[in-house]
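Enquirer: Give me coordinates for this.
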Amino acid sequence: MLIETSKPKCVWKSKLLLGEGTLWVPKLNSIFFVDIKKKKILILNTKTNKKKILNVNKEIGFIAHIKKNIFILGLKSELRIINLKNIKTISSINVELKKPNNRINDGKVDPVGRLWFGTMDDLKKKRSGSLYCLDHHLKLHKVDFRYFITNGPAFLDKNNFYHTDSGKKVIYKIKINSKLKILKKTIFLKFDEAEGTPDGMTIDAKNNLWVCHYHGASISVYDMKGNKIHEINIPAKNITNCTFGNSNNSELFISTAREGMNAHQIKKYPLSGSLFKVKTNLKGKKSVSFKIFRSVF
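Expert: Residues are numbered from 1 along each chain as shown. Below is the predicted model:
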């Protein structure tokens, strides 16, 4: 099937330092995303076009939905379950307290409702990052380690997914068993210098992988064999994360960043740090909320 995409539309003009963590919540008709460095959660209701910005007290790598207004935030050294309506913390789980220079980066929920996320050295100098899974009982499992910059993940099914080490410019394909142990880990793609750095990603209903290019002003689409089958040019330099959403789940929402850009680059890409939308002729995989099997509410 030939992929068709519209010209990117800026739906929230902003100057986010490190926009990330795109999340579509169908029941709320809203796209959520974050600014890691400015410690903000941004919410756009696509039906009403109402915008809302919430401040948090730590760097925030991602936000994931649980139910109604209950979400889980990936913060520095902490997973926090919170009611976004009244900003009340319901529960908190410590993460890597013995690694003060580490922070949580990207995170997503898999097809069976488990939460996956990665950590990284905030200074981007050490391979101190790990890949974790938070199961339905709020038990934390370390699944993989020795990452520079964790990104993704993107799930083919409950046992197979893609995960990135942006510091190595590599996207891995990983197979796990029912006990969350890695059975197989192979290099799926490796970017060269001209392509920028692989960052956040998502998967469509045909199992194609949509990858954001940090420093690359684009999103590339790859089939399951690693062949590049489509490209979208974005009018921002650093493309960080993307997810499918809206009523028919066929629009791609894209976050971007200004971090590290000089005046010349900002003049060339003045919309860097904004949220974009692209219409496609494919649907994304259905959004899944994090499922908890024990009472924390």
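Enquirer: List the contacts of the residue nearest to residue 149 when sequence neighbours are not counted.
Expert: Closest residue to residue 149 in three dimensions, ignoring its sequence neighbours and counting by Cβ to Cβ, 6 or more residues apart in numbering: residue 166, at 3.9 Å. For the C-beta atoms, the positions are set from N, CA and C on the backbone; glycine is no exception. When contacts are counted by Cβ atoms under 8 Å, 6 or more residues apart in numbering, residue 166 is found next to 148, 149, 150, 151, 197, 198, 199, 214.
Enquirer: Highest neighbour count among the residues you listed?
Expert: Of all the contacts of residue 166, the highest neighbour tally under other Cβ atoms under 10 Å goes to residue 151, namely 30 neighbours.
Enquirer: Distance of residue 270 relative to residue 59?
Expert: Shown here: residue 270 relative to residue 59, a distance of 25 Å by Cβ to Cβ, to the nearest Å.
Enquirer: out of the two, which sits in the more crowded spot?
Expert: Each of residue 270 and residue 59 has its neighbours counted (other Cβ under 10 Å); residue 59 has more, 20 against 13.
Enquirer: now the farthest one out in this structure, which residue is it?
Expert: Relative to the mean C-alpha coordinate of the chain, counting by Cα atoms, centre = their mean, the farthest residue is residue 264 (27.7 Å).
Enquirer: Shouldn't that one be within a strand?
Expert: No: the secondary structure assignment for residue 264 gives helix rather than a strand, going by DSSP: H, G, I helix; E, B strand; the rest coil.
Enquirer: quick one: pLDDT of it?
Expert: In the predicted model, residue 264 carries a pLDDT score of 97.
Enquirer: how far is stretch 169-180 from where the chain is centred?
Expert: Its chain's average C-alpha position is 17 Å from that of stretch 169-180, according to Cα atoms, centre = their mean, to the nearest Å.
Enquirer: Low-confidence bits of the stretch 151-297 of the chain, can you list those?
Expert: In the prediction, the stretch 151-297 of the chain carries residues with pLDDT under 70 at positions 296-297.
Enquirer: which stretches of it form helices?
Expert: Taking DSSP state H, counting those that start in this stretch as the test, the helices found in the stretch 151-297 of the chain are 263-268.
Enquirer: Could you give the number of residues near the nearest residue to residue 268 once chain neighbours are set aside?
Expert: What sits nearest to residue 268 in space, not counting adjacent residues and going by Cβ to Cβ, 6+ apart, is residue 237, at 7.5 Å. Using other Cβ under 10 Å as the criterion, residue 237 is surrounded by 23 other residues.
Enquirer: From residue 22, how far out is the residue farthest from the centre of the chain?
Expert: For residue 264, the distance to residue 22 (Cβ to Cβ) stands at 28 Å.
Enquirer: ok, now residue 212?
Expert: The value you get for residue 212 to residue 22, if Cβ to Cβ is used, is 10 Å.
Enquirer: shared neighbours, those two?
Expert: The overlap between the contact sets of residue 212 and residue 22 (Cβ under 8 Å, 6+ apart) consists of 200, 241, 242, 254.
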